[in-house]
Structures are given as C-alpha cells and as structure tokens.
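Chemist: Have a look at this prediction, sequence included:
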Amino acid sequence: MKTTYRGFSSYSNNQSPIDNRMVDRALIKQDLINHFNTFRGEVLGRASFGSNLRSRLGEPFDEITKANIINDVTMVVRYDPRVSLKSVVPEYTDDTIVIVVVLEYVNDNEVDLINLFVDRNGVS
C-alpha cells in the first residue's frame, strides 16, 4: 500500500520526533481521537470543532443520550474527508462509554472498526 497521508503525533512516549511519525490509517485514527478529545468550542474561531462526549458521562444512558452520542460522533467523523461513517453503537459500562465506530476509508474503500472509550480522563 502506498503511503498517502503523513503526520506527527505528540502523544507518543518516544523521545525522538522520528519515532512519532504516523502514516495513513494510524494517522487518521489519531486525528479523530484528537478531535474527540477537544471540547466543542475550545478552539478559538471554530465553535463547532470538537466533541461533547465527556460531558455525557454523568447523564442517564437513555435513548436521548444515545442519540446525542451518535450525533456527536457523526459530526466529528463528517469533519474528516478521509473517512465516511458506516455505523455508531454506543454502550455504557462502569463509568465508561464504549462506542463502536465503523468507518470506511475513502481512498481504498476499506472498512475498519474503532472502539472509543470515553471516561473522565478523555477519549482513547
């Protein structure tokens, strides 16, 4: 597979910037996680950028909350033109929201499953 996207992640524990390089799917996944970890309205001049997933932790896990989570995930994924959203399934377990997201990569039409874990420390 030819490398299409190249980037850098500062979340790595490696000391060398060379070790923090990311490409293709790994980069796209990290970009999405970064977007989910940004609170909506946190970026100056981009009020709709970010997500409200962490604010859903204290809410009762009813149909309204599920719909809000699905809407939030949909907005974040739509922001990235490299992927399209196939499905979102949120579940709640022990103070953590687990979201199963199925994505399709636009370049090669490959489908991938991502498990997002939302807790008080963020989204991983």
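Modeler: Now that the structure is in, tell me what you want to look at.

Chemist: how about the lengthiest helix in the chain: buried residues?
Modeler: Ranked by residue count, the top helix of the chain under DSSP state H comes out as helix 63-79. Buried residues in helix 63-79, counted by 16 or more other Cβ atoms under 10 Å: 65, 66, 68, 69, 70, 72, 73, 75, 76, 77. C-beta: built from backbone N, CA, C; applies to glycine.

Chemist: same question, stretch 89-99
Modeler: For stretch 89-99, by 16+ other Cβ under 10 Å, it's 90, 92, 97, 99.

Chemist: Which two of those have the greatest separation?
Modeler: 92 and 99 (10.0 Å; Cβ to Cβ).

Chemist: on that earlier part again, any chance of the buried residues of helix 63-79 in CSV, plus pLDDT and distance to residue 117?
Modeler: Formatted as CSV, the buried residues of helix 63-79 follow (pLDDT from 0 to 100; distance: Cβ to Cβ, whole Å):
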residue, pLDDT, distance to residue 117
65, 94, 17
66, 96, 16
68, 96, 18
69, 97, 13
70, 97, 16
72, 96, 15
73, 97, 13
75, 95, 19
76, 96, 15
77, 97, 17
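
Chemist: Residue 113: which of the buried residues of stretch 89-99 is nearest?
Modeler: Closest approach between the buried residues of stretch 89-99 and residue 113, by Cβ to Cβ: residue 99, at 11.0 Å.
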